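Undergrad: Fold the following.
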Amino acid sequence: MSDTSLVQKLDLANYISTFKKFLARDKAIAMQGDINNHYRYIKELSNLEFQAPKETRAVDIELNRLKKQAFLSLEELFEFVKIIRYFNYLASLTLPHLLREWIDTIKVPEEVMGMIDYFDDVGSIDPLKESELSSIEDALQSNKNAIRESLKKTLNQRSLQEFLVDTQIHYINSEETILVRGGFSGAIKASVMGRSGMGYFYILPQALSKLKDREAELLSKKEAIILRYAREFSSILSKHESFLRFINKEFDRFDNYQARVFFAKAKDYEFILPGKNDKIHLESFKHPALGNPKPVTIDFSKKIMLITGVNAGGKTMLLKSILSSIYMSKYLLPFACDAIKTEIGHFNALDAIIDDPQNVKNDISTFAGRMSEFATLFVKRDMIVGVDEIELGTDSDEAASLFRVVLESLLERNIKFIITTHHKRLASLMAARSDVELIAALYDEERREPTYTFLQGSIGKSYAFETAKRYGIPEYIVTKAIEVHGEDKERLGELIERSSTLELQMRAKLEELERTQEKLEQKNNALNILEDQIKAEHKSELAKMEKIYTEALGKVQDALKVQESKEGRRALNEAHKIKQKATKEQKETNQEPLNVGDSIKYRSYRGEILSLQSKSATILVEGMKMNVPLNELKRSILPKIDQSKERNIKKSKVSVDKNGANISIKLLGMFGDEAIERLDRAISDALVNGISEIEVIHGGGKGILAKLVKEYLLEHPKIKNFYKMQGNLGVTIVEL
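TA: Purely as a prediction, here's the structure:
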């Protein structure tokens with residue numbers, strides 16, 4: 001979608017038009033280069049007091065002519081003079097660090113600097129710089145005064161009075177004339193310069209011919225001087241054409257900055273730099289197209305936002321507000337919001353699928369247009385799309401099923417969606433997904449009008465009947481419509497809303513349980529680390545004590561050498577016996593043999609011994625059998641983990657329902673190679689029998705087996721999609 005079309009759809013045309021009035025010359029709003037650098041320069045400029053540049057014209061054509069050694073008029077040359085003078089003005093200011101570094105890189109050649117001094121403020125050659133031109137200007141002014149005096153005398157001639165229409169001096173093609181009636185030729189000799197709408201004549205008296213000739217002569221000399229300067233200055237600029245291209249580009253860059261700064265100050269707007277993620281949080285955002293809107297505060301961190309609820313309650317404007325904030329931040333255009341709390345992510349592109357009902361001719365063309373717009377999304381990635389009234393133009397139930405599948409497929413392309421709908425069917429279908437955010441437009445039951453506020457995590461009611469009454473439909477018509485609609489359908493809508501709300505609550509509880517489980521696992525790991533630390537400290541203390549004992553024993557032995565004593569020898573032998581006994585007990589404790597069924601620690605995992613060999617053991621860790629060396633096992637002092645269920649599962653269990661709709665395979669308790677072999681066989685059986693979906697039960701825990709299953713599925717050519725079951729991370733659903 002073109003920027004122009006998107007701006008129109010988001011109601012930003014007047015906003016962009018107002019912003020462009022702050023530019024010195026018209027240009028695209030997009031800025032080339034690193035947006036982070038642009039943001040830093042804009043923030044520095046925001047704190048600086050400076051004058052905006054004068055209005056200028058684009059000089060691309062003039063630059064190309066200079067490259068070909070052509071000469072420009074003074075008017076064309078003056079456009080370059082204005083740019084250079086403005087950068088000279090900036091260089092004279094006290095600038096902050098970044099701006100000073102940038103402006104200092106713009107070095108105007110001395111030859112060019114000398115040239116610009118010849119121009120006055122309006123683009124003419126300054127007479128003070130050229131004495132001959134000054135003399136000509138004085139002579140022209142004197143000649144003009146003489147012409148006026150001569151015309152006044154002519155107007156006072158008695159013979160001409162009866163032919164005069166008025167006594168004013170009229171300018172025709174820059175020539176001074178007087179207005180007379182027909183028959184004037186007998187009273188005065190003159191040239192006719194034109195005729196009025198009433199048939200009168202504008203005449204130039206021949207008495208002025210000498211003064212006019214003098215004026216023409218002076219103007220010719222002036223033009224010759226101007227032409228000489230134009231050729232000379234054009235020659236200078238031609239030599240520095242590359243510099244002019246550089247400074248022209250830098251001027252456009254600065255023009256983009258200064259326009260944004262002055263626009264923000266004039267409107268009291270804020271700048272928001274896009275983040276590196278795709279999270280969106282708007283705080284007190286106001287769409288610039290609205291006069292006095294209710295500020296929008298909304299959080300959109302998930303993949304899909306479904307907006308439901310009251311008619312004319314602001315659903316479409318919420319969609320446009322979110323997309324507009326992204327568009328404006330993408331181009332660093334300021335807007336009204338709480339800048340401290342507002343956060344807007346980065347998207348490569350954005351699109352809006354918004355139809356104006358007044359332009360819709362029939363349902364077929366509307367739905368066909370919708371399908372055409374959605375089809376283009378299947379070749380795009382990393383973007384955000386807003387869709388207004390998604391089921392427009394076709395049966396809402398069919399559309400809900402279709403768009404559910406379409407949206408789920410497009411999510412894989414990292415496309416984020418904001419969707420408005422009056423129908424609850426799609427919302428109820430999508431509510432089970434953890435990456436869907438439900439938003440309800442709220443309605444004031446007492447005042448019977450929308451509040452233009454929104455509630456996250458809920459499906460809203462459309463209030464079609466209440467809206468009809470509010471906009472003037474007679475009450476008896478609405479009452480009859482309610483009877484036709486029936487209470488059953490109303491209750492069905494309420495049940496859908498309640499079911500979706502309960503599902504959201506259940507999903508929140510499951511997420512809380514998963515977080516609790518994760519915390520318990522973290523605590524368990526911390527205890528394991530603490531156990532290892534205690535063992536290491538205990539071993540270190542034993543070593544220290546043994547060293548102290550050995551040193552003390554050595555001193556005793558030295559003392560006994562000096563003076564023999566039977567009691568000393570007896571005490572020494574007794575100490576040796578105590579040491580040997582303690583050492584033996586320690587070794588027995590450290591080298592106690594491992595047995596089948598013992599709880600062990602293997603690296604960072606906890607498990608159980610299934611069988612023993614001479615130098616290795618078969619262990620069960622997180623439902624997976626492994627054969628490892630004995631010297632890599634340590635006895636676990638934690639309570640024994642009950643893994644009886646895993647030990648009892650020796651083979652995979654495959655179950656197929658009667659309709660052949662799906663297949664389930666359990667891989668718990670298998671070696672890695674064995675599990676992958678069974679999974680491959682199950683997928684092959686499913687493909688042969690035309691089964692489109694299988695359920696793989698691999699368990700949770702540390703996820704060793706789950707990781708092997710994932711790696712295998714990623715490489716399999718017949719796998720369309722796979723994902724973890726909601727609420728049970730130990731099960732993977734595979735689509736064939």
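Undergrad: Sketch out the low-pLDDT regions of the stretch 351-500 of the chain for me.
TA: 355-365, 393-396, 443-452, 457-473, 475-476, 478, 480-500 (pLDDT under 70).
Undergrad: tell me the helices in it, going along the chain?
TA: Counting by DSSP state H, counting those that start in this stretch, the segments of the stretch 351-500 of the chain that form helices are 363-375, 396-411, 424-430, 464-470, 475-485, 487-562.
Undergrad: Check the stretch 151-300 of the chain too.
TA: For the stretch 151-300 of the chain, the helices defined by DSSP H, counting those that start in this stretch occupy 209-239, 241-267.
Undergrad: And the stretch 1-150 of the chain, by the same measure?
TA: For the stretch 1-150 of the chain, applying DSSP H, counting those that start in this stretch gives helices covering 3-9, 13-20, 35-46, 60-67, 74-91, 97-104, 110-116, 131-155.
Undergrad: Make CSV out of those and add mean neighbour count.
TA: (C-beta placed from N, C-alpha, C; glycine too.) Shown next, in CSV, are the helices of the stretch 1-150 of the chain (neighbours: other C-beta atoms under 10 Å):
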stretch, mean neighbour count
helix 3-9, 15
helix 13-20, 16
helix 35-46, 16
helix 60-67, 16
helix 74-91, 19
helix 97-104, 14
helix 110-116, 14
helix 131-155, 15
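Undergrad: With respect to residue 329, which of those helices lies nearest?
TA: helix 35-46 (9.3 Å; C-beta to C-beta).
Undergrad: Please work out which residues outside the closest one touch it.
TA: Contact partners of helix 35-46, identified using C-beta atoms under 8 Å, 6 or more residues apart in numbering, comprise 31, 95-99, 102, 256-258, 260-261, 264-265, 271, 273-274, 332.
Undergrad: Just the buried ones from the residues you listed?
TA: With neighbours counted using 16 or more other C-beta atoms under 10 Å, the contacts of helix 35-46 contain these buried positions: 31, 95, 99, 102, 256-258, 260-261, 264, 271, 273-274, 332.
Undergrad: Closest to residue 432 out of those residues?
TA: Minimum separation from residue 432 among the buried ones among the contacts of helix 35-46 (C-beta to C-beta) is found for residue 274, which lies at 31.0 Å.
Undergrad: could I get stretch 227-243 in CSV with only the CA atoms?
TA: As requested, C-alpha coordinates have been extracted for stretch 227-243 and formatted as CSV (Å, rounded to 0.1, in the frame of the first residue of the first chain):
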residue,chain,number,x,y,z
LEU,A,227,24.7,38.7,-16.8
ARG,A,228,28.4,39.1,-16.3
TYR,A,229,28.0,38.3,-12.6
ALA,A,230,25.7,35.3,-13.4
ARG,A,231,28.3,33.8,-15.7
GLU,A,232,31.1,34.4,-13.3
PHE,A,233,29.2,33.0,-10.3
SER,A,234,27.9,30.0,-12.3
SER,A,235,31.5,29.2,-13.3
ILE,A,236,32.6,29.3,-9.6
LEU,A,237,29.7,27.0,-8.6
SER,A,238,30.3,24.6,-11.5
LYS,A,239,33.8,24.0,-10.0
HIS,A,240,32.3,23.1,-6.7
GLU,A,241,29.3,21.2,-8.0
SER,A,242,30.1,18.1,-5.8
PHE,A,243,30.1,20.4,-2.6
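Undergrad: could you give me the average pLDDT of it?
TA: Stretch 227-243 shows an average pLDDT of 94 in the prediction.
Undergrad: List the contacts of stretch 384-394.
TA: 278, 315-316, 319-320, 322-323, 326, 347, 350-355, 360, 363-370, 377, 399-400, 403, 415-423, 426.
Undergrad: Hmm, residue 271 and residue 339 touching each other?
TA: Yes. Here residue 339 reaches residue 271: they are 7.2 Å apart, a contact under C-beta atoms under 8 Å.
Undergrad: Quickly compare the helices of the stretch 151-300 of the chain and say which is most buried.
TA: Sort the helices of the stretch 151-300 of the chain by mean neighbour count, taking mean count of other C-beta atoms under 10 Å, and helix 241-267 sits at the top with a mean of 18.
Undergrad: What helices and strands are in contact with that one?
TA: Using 3 or more C-beta pairs under 8 Å, 6 or more residues apart in numbering; DSSP states H and E, the elements in contact with helix 241-267 are helix 13-20, helix 35-46, helix 60-67, helix 74-91.
Undergrad: Could you dump those into TSV and include distance to residue 202?
TA: Compiled in TSV, the helices and strands packed on helix 241-267 are given as follows (distance: least, C-beta to C-beta, whole Å):
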stretch	distance to residue 202
helix 13-20	43
helix 35-46	55
helix 60-67	38
helix 74-91	30
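Undergrad: Between these, which one is closest to residue 724.
TA: Put simply, out of those the one that sits nearest residue 724 is helix 35-46, at 35.9 Å, with distance taken as C-beta to C-beta.
Undergrad: for that closest one, what is the average pLDDT?
TA: Helix 35-46 shows an average pLDDT of 96 in the prediction.
Undergrad: what sits up against the helix or strand where residue 710 lies?
TA: Using DSSP states H and E, residue 710 falls within helix 704-715. In this structure, residues lying in contact with helix 704-715 by C-beta under 8 Å, 6+ apart are 621-624, 667-668, 670, 672, 675-676, 679-680, 696, 698-700, 719, 722, 729-730, 732, 734.
Undergrad: Quick one: buried ones out of the contacts of stretch 384-394?
TA: Neighbour-count burial within the contacts of stretch 384-394 applies to 278, 315-316, 319-320, 322-323, 326, 347, 350-355, 366-367, 370, 377, 399-400, 403, 415-423, 426; the criterion is 16+ other C-beta under 10 Å.
Undergrad: now, which of the residues you listed lie within strands?
TA: Those of the buried ones among the contacts of stretch 384-394 mapping onto strands are 350-353, 415-420, per DSSP state E.
Undergrad: Throw those residues into JSON lines and include distance to residue 142, thanks.
TA: What follows is those, written out as JSON lines (distance: C-beta to C-beta, whole Å):
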{"residue": "350", "distance to residue 142": "66"}
{"residue": "351", "distance to residue 142": "69"}
{"residue": "352", "distance to residue 142": "67"}
{"residue": "353", "distance to residue 142": "72"}
{"residue": "415", "distance to residue 142": "76"}
{"residue": "416", "distance to residue 142": "75"}
{"residue": "417", "distance to residue 142": "77"}
{"residue": "418", "distance to residue 142": "73"}
{"residue": "419", "distance to residue 142": "78"}
{"residue": "420", "distance to residue 142": "76"}
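Undergrad: farthest pair in those residues?
TA: Using C-beta to C-beta, the pair of those lying farthest apart is 415 and 420, separated by 16.9 Å.
Undergrad: what's next to stretch 276-292, contact-wise?
TA: In contact with stretch 276-292 (C-beta under 8 Å, 6+ apart) are residues 11-12, 14-15, 267, 293, 295-301, 317, 320-322, 324-326, 335-338, 340-347, 384, 416.
Undergrad: Please consider this matter closed, and thank you.
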